[in-house]
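Undergrad: Take a look and give me a structure for this.
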Amino acid sequence: MAPSVETIIQPDWAAQQEITLTVKRDDLLHPVISGNKWRKLKHALLPAIEANTKHIISFGGGFSNHLHALGYCCHTLNIRFTAIIRGDYSQNPSPMLLDLISWNTDILYVDRKTYQQRAEPNYLKLLQHQYPDALVIPEGGSQLQALQGVEEIIQELQSQYDYILAPVASGGTLAGLIQGATKDLKQHNCQVLGIGVLKGEGYLEQLVKDLLRNDTDTNNWQINHNYHFGGYAKSNYELTQFCHDFYQQTEIEIEPVYSGKLFFALQDLINKGFFPKKSRILALHTGGLQGAR
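TA: Numbers count the residues shown, from 1 in each chain. Just a heads-up that it's a prediction; the model follows:
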């Protein structure tokens, strides 16, 4: 896929602080595999294709952007796909699940207790025993191969930035941005700021640290936990209205699970003077619009 564009936007709340605000439009990468999902899946899928992998397994909720992108990829590549879903949607499948069904995905609904084991070695060993030829990809696609794809975002950047912002849920995108910025001479002094979209102070930081190489600079990033609106996929009228107003000002669609919380945080932090005047800020639009259906 061609590099996504960097678009300068000028909402009134950025102009007041003389901030240059740019959006990296990863939401426009592909009609289905949009946003950070292709970045995170690319370097897992390419070796799988070369190895003639016949079956892939992964995990997610009933509206998962990750499963949606991976399901489409597997359908296109004629690879059997098993999606392990948190909760039972069998009587009322979401639009995402209806897409998976149309792509011949094997759907396995599990209770929350079972789902919580998704990263446990014993559970993964059991899965591997049950499906010996399957490649298991973690929830959200967040694994070491994902970082390589996300680093390409940094390599594509045409301008130099003081801050790069992205939403954080499973940690892979933020870890890739941190690693990429550390290596890139142009962005070496850039601060990477994650906006936590779920309740997870300490937990999200650990997810990111577990993915980073030991020699990665750990002084160029932080996660802000003040904008999760009560938890993952939680929102309120203020946030949904902001998403609407943001579209009116910029003609960029955002949703309340990921990108909405990112840009809401950005507005609030700018208004509170968090960023020095004339800062050059890049916000990564990670897609995810299908999940808002």
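
Undergrad: the helices in the stretch 51-200 of the chain, which residues?
TA: 65-77, 95-102, 112-115, 121-130, 144-156, 172-183 (DSSP state H, counting those that start in this stretch).

Undergrad: highest average neighbour count across these?
TA: helix 172-183 (a mean of 26; mean count of other CB atoms under 10 Å). Every residue, glycine included, has its C-beta placed from N, CA and C.

Undergrad: ok now that helix, how far from the chain's centre?
TA: 13 Å (CA atoms, centre = their mean, to the nearest Å).

Undergrad: could I have it exported to CSV, CA atoms only?
TA: What follows is helix 172-183, C-alpha atoms only, in CSV (Å, rounded to 0.1, in the frame of the first residue of the first chain):
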residue,chain,number,x,y,z
GLY,A,172,1.4,-2.4,19.6
THR,A,173,0.9,0.8,17.8
LEU,A,174,2.4,3.0,20.5
ALA,A,175,5.4,0.6,20.9
GLY,A,176,6.1,0.8,17.1
LEU,A,177,5.9,4.6,17.1
ILE,A,178,8.3,4.8,20.1
GLN,A,179,10.7,2.4,18.5
GLY,A,180,10.5,4.2,15.1
ALA,A,181,11.0,7.7,16.5
THR,A,182,14.0,6.5,18.5
LYS,A,183,15.7,5.3,15.4
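
Undergrad: Taking helix 144-156 as reference, get the angle to it.
TA: Here helix 172-183 runs at an angle of 50 degrees relative to helix 144-156 (axes from the mean of the first three to the mean of the last three CA atoms, to 10 degrees).

Undergrad: rewinding a little: and the helices of the stretch 51-200 of the chain as a markdown table, adding distance to residue 235 and mean pLDDT?
TA: Shown next, in a markdown table, are the helices of the stretch 51-200 of the chain (distance: least, CB to CB, whole Å; pLDDT from 0 to 100):
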| stretch | distance to residue 235 | mean pLDDT |
| --- | --- | --- |
| helix 65-77 | 16 | 96 |
| helix 95-102 | 18 | 97 |
| helix 112-115 | 21 | 96 |
| helix 121-130 | 31 | 95 |
| helix 144-156 | 26 | 94 |
| helix 172-183 | 20 | 94 |
